[in-house]
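[1] Let me see the structure of the following:
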Amino acid sequence: MITFIIPCYNEEDNIKNCISSIKNEAKYIPHEIIVIDNDCTDNTASIAEKEGVRVIKETRKGVVFARQTGYENASYDFIANIDADSRLYEGWIWVAMKNISKENVVAVTGPLIYDDGSFFLKIITKIYYWFAMKSLKYVGVFLQGGNCMIKKSVLDKVQGYDLSIAFYGEDTMTAKRIKPYGKIVFDKDLITYSSSRRIKQQGLIKTTWLYMSNYFSVTYKNISTTKDYKDYR
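    The predicted structure follows:
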């Protein structure tokens, strides 16, 4: 039924908790978990293998390459993209399936909650997702790359992901590519807890600018304005 894809680059501190949260949520339905070793130099792959999940090596660096490799190796009808530093909120699976089971829906997405972040960051995050919901309503394009479920049949129609965008804006491009085939739903109850490490190390203003500028550039010009990105661990 569901293939969970987890792109990983040096996530030995987080991958076990991520996998455990998925196993706990999906224990009553057919599923598989694929960890994409995106050229890790730590023990991420061996930890994942000990958890009994499938590990596939992808040496092309970038989350979009990892997602593509996961999609190409998926066995089930629904693709769930989950970040390695995230954990599924209780009830995630049922919220996802309630939405994705509708004939006119091609994808469902939801918010990240930075449970290690400050009160101010949590307020800013709520404002961000308010804009995201408005974007879906009036523009029709929004997808949280590390917290979504997509129908594999729709990804088949667009041959997976656009590999020209390695990081910033890749999820927006995916939303644009699948939008002609149906509705993308933002459900506020489809929650994952995630790390705020990028925001803490890169800075809130810079991070917000990079995501928003690339969102608008991809949405209206089909290009990402930021070609390079940095991993924060």
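
[2] For the rest of this, base every contact and every neighbour count on C-alpha atoms.
    Will do.

[3] where does Asn147 fall, phi/psi-wise?
    Recorded main-chain torsions at Asn147 are phi -150, psi 80, according to degrees, to the nearest 10.

[4] So for it, what's the pLDDT?
    Taken from the predicted model, the pLDDT recorded for Asn147 is 98.

[5] Spatially nearest residue to it, not counting backbone neighbours?
    Counting by Cα to Cα, 6 or more residues apart in numbering, Ile82 is the residue found nearest to Asn147 once chain neighbours are left out, at 5.3 Å.

[6] burial count for the one you found?
    26 (other Cα atoms under 10 Å).

[7] now Arg87
    Other residues near Arg87 number 26, with proximity taken as other Cα under 10 Å.

[8] Quick check: which helices or strands does the helix-or-strand element of the chain with minimal mean pLDDT pack against?
    When each helix and strand of the chain is scored by mean pLDDT, DSSP states H and E, helix 119-138 comes last, with a mean of 86. Of the remaining helices and strands, those touching helix 119-138 by 3 or more Cα pairs under 8 Å, 6 or more residues apart in numbering; DSSP states H and E are strand 112-114, strand 183-186.

[9] JSON lines please, covering those strands and showing mean pLDDT.
    Written out in JSON lines, the entries for the helices and strands packed on helix 119-138 read as follows (pLDDT from 0 to 100):
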{"stretch": "strand 112-114", "mean pLDDT": "94"}
{"stretch": "strand 183-186", "mean pLDDT": "96"}
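
[10] tell me the most buried of those?
    Among these, ranked by average contacts under mean count of other Cα atoms under 10 Å, first place goes to strand 183-186 (a mean of 23).
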